[in-house]
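Enquirer: What follows is a protein structure lacking sequence information:
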């Protein structure tokens with residue numbers, strides 16, 4: 001079995017894929033400094049979290065920072081394991097921490113950043129399919145969208161108004177009936 005999937009991220013080419021969907025509300029910025037204050041704060045905290053990722057195999061450090069409805073900050077980073085399927089993405093670490101520690105509080109926004117080991121420059125990284133599904137599950141649970149702040153392949157900072165922009169054909173409870 002190949003373990004080449006470890007640390008692999010799916011990249012979005014905005015100009016190729018997203019125009020086919022209704023992209024109302026999508027915000028794109030050239031520089032991190034152009035983001036709103038809350039998004040800049042989350043990006044900064046996600047960078048800090050990425051510094052402490054445990055990524056000895058992929059050497060791809062990912063950090064996530066969440067802000068809750070009461071402005072509580074929750075962070076997460078990727079945690080790898082020699083048994084590759086046991087690894088956990090930064091987004092899910094942060095989401096599960098928020099859900100278990102601050103039960104019932106809504107998640108407003110999540111910022112996700114990544115960099116290669118020993119590099120300060122950020123790499124484009126979007127959530128994997130599993131993380132997209134988990135973010136969307138929390139949106140459904142809390143009945144409000146979660147904004148997602150990412151650095152895209154085009155080196156632009158993008159704020160997605162909802163996980164549904166990243167996962168338009170999600171699996172949900174209707175699939176189970």
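Expert: Yep, that arrived. This structure is a prediction, so every number in the text was calculated from the model and none was measured.
Enquirer: low-confidence ranges in the protein?
Expert: By pLDDT under 70, the weakly predicted segments of the chain are 1-23.
Enquirer: quick one: what helix or strand has the residue positioned nearest the centre of the chain in it?
Expert: The centroid of the chain falls nearest to residue 112 when counting by Cα atoms, centre = their mean (4.3 Å). Applying DSSP states H and E as the criterion places residue 112 in strand 107-116.
Enquirer: which of the residues in the next helix or strand after that strand are buried?
Expert: Tracing the chain past strand 107-116, the next element assigned as helix or strand by DSSP H and E is helix 129-142. Neighbour-count burial for helix 129-142, counted by 16 or more other Cβ atoms under 10 Å, picks out 131, 132, 133, 134, 135, 136, 137, 138, 139, 142. For the C-beta atoms, the positions are set from N, CA and C on the backbone; glycine is no exception.
Enquirer: sorry, back to before: and the angle for the strand holding residue 112 with helix 129-142?
Expert: 170 degrees (axes from the mean of the first three to the mean of the last three Cα atoms, to 10 degrees).
Enquirer: Quick check: which helices or strands does strand 107-116 pack against?
Expert: helix 37-50, strand 60-68, helix 90-101, helix 129-142, strand 147-151 (3 or more Cβ pairs under 8 Å, 6 or more residues apart in numbering; DSSP states H and E).
Enquirer: Please name the residues that touch the residue nearest to the centre of the chain.
Expert: Applying Cβ atoms under 8 Å, 6 or more residues apart in numbering to residue 112 gives the contacts 46, 62, 63, 64, 90, 91, 125, 126, 127, 148, 149, 150.
Enquirer: follow-up on the earlier one: point out the most buried one among the helices and strands packed on strand 107-116.
Expert: Of the helices and strands packed on strand 107-116, the one with the most neighbours on average (mean count of other Cβ atoms under 10 Å) is strand 60-68, at a mean of 26.
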